[in-house]
Each structure stands twice: as C-alpha cells, then as structure tokens.
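Undergrad: pasting a predicted model and its sequence here:
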Amino acid sequence: MTDIAPVVSKIEALLQEPVFFRDVLAALRDCPYRVILRAWSDVRMRHTLARDELGRYWVERM
Amino acid sequence: MSGRSSNEDFRAMLARMERAGHLCRIKKPIRPEHITALCGKAPAAVICEAVEGYDIPVAGGLYWTRARMASALGWPEGELGARFAASVARPIAPEVVGRAACQDVVLTGDNVDLTALPIPFMHEKDGGPYISAGVAFANDEKLGPNAGCYRMMFRTRRELGLDLFTASDLRRYYQAKFDHNQPLPIAVAIGVHVFEHMAAAYKAPAGLNEMHIAGGLRGEPLQMVRAKTADDVMVPANAEIVLEGELLPNGWTADEGPFGEFAGMQGDLKRNPLFRVTAITHRKNPIFYALQMPWENDWLNGPATEAACARVLGLAGIQVAAVRATEGGCCGWSVVAAIKKRAGEGKNAIAALLSLPVVKQVIVTDDDIDIYNSDEVEWAVTFRCQADKDIVILSGMKGKHVDPSVRPWDLRPGELPTTSKFGIDATIPEGIPAFRYERIVPAFSDDVRVEDYLQ
C-alpha cells in the first residue's frame, strides 16, 4: 500500500484554494483510488473543510 | 415465464439479466471513478470484475432503461404498472431467519474501514464518492420498521453524510431521536434485489412496512435477519453488503453534496446528519452495486407512477388501455396514457392525471396508438389535436423545488413552490368519424417475407 502521508500533504496543498473533489482526483491520478480516499479521510479528520455553494472545498484557516 | 427462482437474490438476478443479454461482464481493469462514464456508454448493464485496488466487483446501470428494468423484474415491459399495483395490493410479511449470507463476514471496531469498499466518484461536480444504492433500514417503537433509499457521501473511513433533507419516514424517526439528543440506529443494505429496492423507493402509505410490499412483489416472504449491532433493525438476509451504525444527533449541520440528482441535474450542497458506521457485514465475495443516476433511480419509481396513473384514471371512471411514464420526464413528471375514450374523457383523463403530485405534463391518446412508440404518439398529437381546444393548462398547482422553472430560489424560507401543468388531448375529437383516420396498409403485406428478398 502506498504511503498515505505524502498524499495527505498533496491534498492539503490543493486545498489552499477552492477545489472540487474531482480536481483532487485529477491531480492525484497516479495514486491508487483507495489511497486517495484514505488520505481524504485523514484530511477530513485533521481539518475543518469549508465549502462554497458550488460544492468546492478548501481548508479553513484558523 | 420470468425465469426467476424462489427467494432470488441480487447476484442471481444479475445472472438472469446476463443470460437475457441485458448485462455484460467487464474483465478489463477499471478505476472506480471511471465506472459511471462506462455505465452511461455501455449498451447493457455492467459488472466490472476488476476494479483497480479492490477485490469487490461493481455492478451498475441495471435499471437504466424500461427494458432492463423489466428484465430485472422478470415482467413484460408493458405490464410494469399493472403488476406493481397488483403486488402492492397483497403485501406479504417477511420471514425472520437466524443465519444469513449477508453476515458471512462481520467487521467491527478497528476493522471497519469504508475505503475497503469500491465507493465510486460518479459525477463531475459531486462532493465526493457516493453510495447511491443504499437502502436504509430503521425501526421506531411506535411506527415500526421502515426502509427507504438514501444517498450517502464518503467523508471518512467510518463516516458518511446521509441526505435526510426531504420529508420522509426516516427523517421523522431521526427527528424524534434528535429532539432527545440521541442517535438513531440504522443499517444500510447495498446490493439488494430489485423488489426490495423498488419497495423501499415506493412512498408507501403510513404504517405499511415496505418490506411487506417487497414480499408482495416477490409473491413470497422476504427473508430478513436481525442486524449484528444496530438495535432492533432487520435487514434482507441476502443483501451483498450491510453497513450498520448510527445517525448521529448532529442535526442538519454536516456538509453533504452536491450530487447528480434524480431529475438529471446537479443538486445543491446541503447540510445533513452524519452516519457513523460501527460494523460492516457482507457475503463471501460480495458485489458492490453503484446505482447510476438519473435513469436507474427514476425507473425504480416508474412502475409505481404508472400504477398511480392507472388508479386515478380508474377512479375517474375511465377505461385505461396503457400508461407509460417516460424517461425524459424522469418516469414520473411526464406521462402518456391510452384510453378507450367516451365523449369528454380525453379532458377528464388529463384532469385526473395532472392531479397527481409529480405529474406535470400528460398526453392522452386513443387505444389504437402504441404509446411505447414516440412516433405514433407524435402522429396522434399532430392529427388529432387542435391546440386551441385540446391543450389544457392548469395553473397554481403544487410544484417541486427540484424543478428550476418554478424559480425555487425566489421563495421565502418554508414557502412551497407552485407550478403550471399541461395536458394534450390527442384522442380523436368528438364529431370526427374514425374512418377519417383510417391508416394506410401495404397491399398483400402478409404475403411478403422480408428475408425472402434480403440476403
């Protein structure tokens, strides 16, 4: 199984600006799907994710 | 003959559809986020046997067309509404069993990990991967068991966002617990037979257990088993996968959506309760079912719509030849009915059909029209309808928020939308003799066999 931590970091970097979930998948297309989901789970538990009305995500800055 | 065996389960239904040519096996590896696009382009339902990173195959597109729906049900295409109505009229209580295939494997505690399931990302603007084929089961001390269809968005390894925005029995059960800051135990079955899925999608009258309707559809009791950890909740014994857990008392606070919805349009971001999964049970070698929006969802309701149309026409004293809920109208909003007309009944039929909450447009024809042939229906509209006399428009009727043409964003909080509806009377107008519509018939047609002339 691919190490999750680098994928978590990549997702956190992507979430510095509003992105659709699709954009996360597209940016990580070289990663196994399950690894992306596990990393997404970790990001969800680590951060409060903001959403806009379009459905885009970004990391809420404290 | 339907070819359906006693107590047929989901995987046996797939095998039967495959034998009938309505399902094909995909052996080439595929990523989960590509499955929805493949289902939309494939000529038949699919079962993807090699989903990259998973040892669980994914089925999809099972009820994408009337033909596939009829194949799954084992019913003739023209009898979906009539058979549904007859089945609902004779519900059969489930049979409770002690051991069940859906509990061959039981995962609890740290072994619960939703990422082990090939939950696909489906549409470009979705908020995440979705479980689209979940049938949620719950129980209430006073109201009894309930089953319904709810979408669930992947959030974390043990949490899903469950769309409980619209009024439903499950929402009522949840509200009662939420008012006391208590969680609601539920179980979600993924990969149940079309009878259970269609019964759960049906808006059954209050007090009628949906799984009794499933028994009526089957013509025999559905076997159910007590969930391993969700208190007093029963699930179909032969479900492929069951998620057990609690709807947390967080109320309508967690972001969920958007999701590609039943009307074929991308829905809104919503705030909904969280479903914390505490156990996953499944069969040996389970199959994950990814219901494809919008047509599979719509066809689950199509037979019930056609049954409701036949019922209201019957109440209006109209003799019904056939009713068709059309795919373009999401199997509910647009209806074509053929009737054995007496004077004035074309308009009566329109009034009756438009009284149904969802139906927004109808076409009524005589019973010589094949309403499953759109060209035939268009011919009838063209030559049997005078627009100034035969188009009925009703205004100020109950509408639905999902319809952008009612401009729901202009409504005040809590305000319900209204809509206009219309019907086309494409029956032969009163006073015009039927011979004016005599159809041309090729000469000596019975004597000519096309295969005698074409190589």
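TA: Noted; the coordinates are in hand.

Undergrad: for the rest of this, base every contact and every neighbour count on C-alpha atoms.
TA: Noted.

Undergrad: ok, residues contacting the host helix or strand of A:Ala26?
TA: For A:Ala26, the element it lies in under DSSP states H and E is helix A:21-27. Applying C-alpha atoms under 8 Å, 6 or more residues apart in numbering or on different chains, the contact partners of helix A:21-27 are A:11, A:14, A:36, A:56-57, B:124-128.

Undergrad: as JSON lines, these with neighbour count would be great.
TA: Shown next, in JSON lines, are these (neighbours: other C-alpha atoms under 10 Å in any protein chain shown):
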{"residue": "A:Ile11", "neighbour count": "21"}
{"residue": "A:Leu14", "neighbour count": "17"}
{"residue": "A:Ile36", "neighbour count": "22"}
{"residue": "A:Arg56", "neighbour count": "22"}
{"residue": "A:Tyr57", "neighbour count": "22"}
{"residue": "B:Glu124", "neighbour count": "16"}
{"residue": "B:Lys125", "neighbour count": "21"}
{"residue": "B:Asp126", "neighbour count": "26"}
{"residue": "B:Gly127", "neighbour count": "28"}
{"residue": "B:Gly128", "neighbour count": "28"}
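
Undergrad: residues in the stretch 201-350 of chain B within reach of chain A, list them.
TA: Within the stretch 201-350 of chain B, the positions near chain A by C-alpha under 8 Å from any C-alpha of the partner chain are B:255, B:257-258, B:268-269.

Undergrad: out of the residues you listed, which is most surrounded?
TA: B:Gly257 (29 neighbours; other C-alpha atoms under 10 Å in any protein chain shown).

Undergrad: of the contacts of helix A:21-27, which belong to helices?
TA: A:11, A:14, A:36 (DSSP state H).

Undergrad: what residue ranges in chain A are flagged as low confidence?
TA: Residue ranges of chain A with pLDDT under 70: A:1-2, A:62.

Undergrad: ditto for the stretch 1-150 of chain B
TA: Counting by pLDDT under 70, the ranges of the stretch 1-150 of chain B that qualify are B:1-3.

Undergrad: if you set the cut-off to 90 instead, what comes out?
TA: For the stretch 1-150 of chain B, applying pLDDT under 90 flags the ranges B:1-7, B:78, B:141-143.

Undergrad: which residue does chain A have closest to chain B?
TA: Of all residues in chain A, A:Ser41 sits closest to chain B, at 4.0 Å by C-alpha to the nearest C-alpha.

Undergrad: pull the number of nearby residues for that residue.
TA: Using other C-alpha under 10 Å, A:Ser41 has 20 neighbouring residues.

Undergrad: in what helix or strand does it lie?
TA: helix A:33-46.

Undergrad: in its sheet, what does the host helix or strand of B:Gly396 sit against?
TA: Using DSSP H and E, B:Gly396 sits within strand B:391-398. Strand B:391-398 has the following sheet partners, assigned by DSSP bridges: strand B:418-426 (antiparallel).

Undergrad: quick one: residues in contact with the partner strand.
TA: Contacts of strand B:418-426 with the rest of the structure, by C-alpha under 8 Å, 6+ apart, involve B:346-347, B:350, B:354, B:360-366, B:380-385, B:390-400, B:406.

Undergrad: rewinding a little: tell me which of the contacts of helix A:21-27 is nearest to B:Ala89?
TA: B:Ala89 lies nearest to B:Asp126 out of these, by C-alpha to C-alpha, at 38.4 Å.

Undergrad: surely the closest one meets B:Gly257?
TA: Yes - counting by C-alpha atoms under 8 Å, B:Gly257 is a contact partner of B:Asp126 at 6.2 Å.

Undergrad: just put the ones in helices among the contacts of helix A:21-27 in JSON lines and tack on distance to B:Pro94.
TA: Formatted as JSON lines, those follow (distance: C-alpha to C-alpha, whole Å):
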{"residue": "A:Ile11", "distance to B:Pro94": "47"}
{"residue": "A:Leu14", "distance to B:Pro94": "50"}
{"residue": "A:Ile36", "distance to B:Pro94": "41"}
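
Undergrad: re the thing from before, what is in contact with B:Asp126 and B:Gly257 at once?
TA: A:Gly55.

Undergrad: which parts of chain B are helices?
TA: Under DSSP H, chain B gives helices at B:10-19, B:35-41, B:66-73, B:80-88, B:169-178, B:194-201, B:210-218, B:295-315, B:345-354, B:374-384, B:387-390.

Undergrad: which other helices and strands does the last one contact?
TA: Identification of packing neighbours for helix B:387-390 by 3 or more C-alpha pairs under 8 Å, 6 or more residues apart in numbering or on different chains; DSSP states H and E yields strand B:418-426.

Undergrad: tell me the centre residue of chain A?
TA: When C-alpha atoms, centre = their mean is applied to chain A, the residue found nearest the centroid is A:Ile11 (3.6 Å).

Undergrad: check chain B too.
TA: What sits nearest the mean C-alpha location of chain B, by C-alpha atoms, centre = their mean, is B:Leu300, with 2.1 Å.

Undergrad: got the contact list for it?
TA: The contact partners of B:Leu300, by C-alpha under 8 Å, 6+ apart, come to B:63, B:69, B:197-198, B:201.

Undergrad: need the pLDDT of it.
TA: B:Leu300 is assigned a predicted lDDT (pLDDT) of 94.

Undergrad: what count of nearby residues applies to the residue nearest to B:Gln223 when sequence neighbours are not counted?
TA: Closest residue to B:Gln223 apart from its sequence neighbours, by C-alpha to C-alpha, 6 or more residues apart in numbering or on different chains: B:Glu95 at 4.8 Å. Look at B:Glu95: counted by other C-alpha under 10 Å, it has 15 neighbours.

Undergrad: quick one: B:Glu95 and B:Glu220 touch, right?
TA: No - at 9.3 Å, B:Glu95 does not count as touching B:Glu220 under the criterion of C-alpha under 8 Å.

Undergrad: what's the strand holding B:Gly396 in contact with?
TA: Counting contacts by C-alpha under 8 Å, 6+ apart, the residues outside strand B:391-398 that touch it are B:347, B:350, B:357, B:385, B:416-425.
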